[in-house]
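> Take this sequence and fold it.
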Amino acid sequence: MTTSLMAMAAYIGWVLLLLFTVIAYRGFMVMSAQRKADAWTRGGDIQDGPLFKRISDALSNSLETAPLFIGVMLLAQVTDQTAVTDDMAMVYVGARVLQSVSHLISVHHLMIFLVRFPAFLVQAALLVWWLLSLTSII
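Predicted coordinates for the structure are as follows:
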């Protein structure tokens, strides 16, 4: 298995960890009769604690970029160009995890400016670099 595919698996694992955290929280809230099962419908204004809100937001953020990352990793794989992505694939995943963890621990503007946004920029820059390299534009 290439490093790019391992990174893709690690990214999926991270998303699943966040997802099952949300499932555990919601399951507990329903089973303990603190919320109805339909309390989290789209557009609903459920009043969850700030930590759960941040976990939910970190999951959403991870899902938003997952198709881009997975698409680029698969493009590298099917074109037999994983040498382009292998060196930095785990850096991308590390930046994703750092962005999520910083999202979980704080919404302070300095955390956003000094940690979360730079981690996002690393991911965005890598995706652009890889796509341009894989398509021979650069």
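> Now do stretch 78-86: distance to the chain's middle.
22 Å (CA atoms, centre = their mean, to the nearest Å).
> Please export the C-alpha coordinates of it as CSV.
Written as CSV, here are the backbone C-alpha positions of stretch 78-86 (Å, rounded to 0.1, in the frame of the first residue of the first chain):
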residue,chain,number,x,y,z
VAL,A,78,-4.9,5.5,-10.8
THR,A,79,-2.3,7.5,-12.8
ASP,A,80,0.5,5.7,-11.1
GLN,A,81,1.9,9.0,-9.8
THR,A,82,1.9,8.4,-6.1
ALA,A,83,5.5,9.7,-5.9
VAL,A,84,3.9,13.1,-6.3
THR,A,85,1.7,12.8,-3.2
ASP,A,86,3.5,10.2,-1.0
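> centroid residue for this protein?
Nearest to the mean C-alpha position of the chain, by CA atoms, centre = their mean, lies residue 62 at 2.2 Å.
> That one against residue 101, yeah?
No: using CB atoms under 8 Å, residue 62 is not in contact with residue 101, being 11.3 Å away. Where C-beta positions appear, they are placed from N, C-alpha and C, glycine not excepted.
> Within the helices and strands, which one has the residue nearest to the centre of the chain?
Here residue 62 is covered by helix 50-78, with elements defined by DSSP states H and E.
> So which elements touch that helix?
Counting by 3 or more CB pairs under 8 Å, 6 or more residues apart in numbering; DSSP states H and E, the packing neighbours recorded for helix 50-78 are helix 3-31, helix 82-105, helix 117-134.
> The second one - what's its average pLDDT?
Per-residue pLDDT values across helix 82-105 average out to 95.
> same thing with stretch 67-76?
The pLDDT scores in stretch 67-76 average 97.
> Give me the secondary structure label for residue 39.
Of the three states, residue 39 takes coil according to DSSP: H, G, I helix; E, B strand; the rest coil.
> just residue 107 next, same as before
coil.
> follow-up on the earlier one: the residue nearest to the centre of the chain - nearest residue in space that isn't next to it in sequence?
residue 15 (4.9 Å; CB to CB, 6 or more residues apart in numbering).
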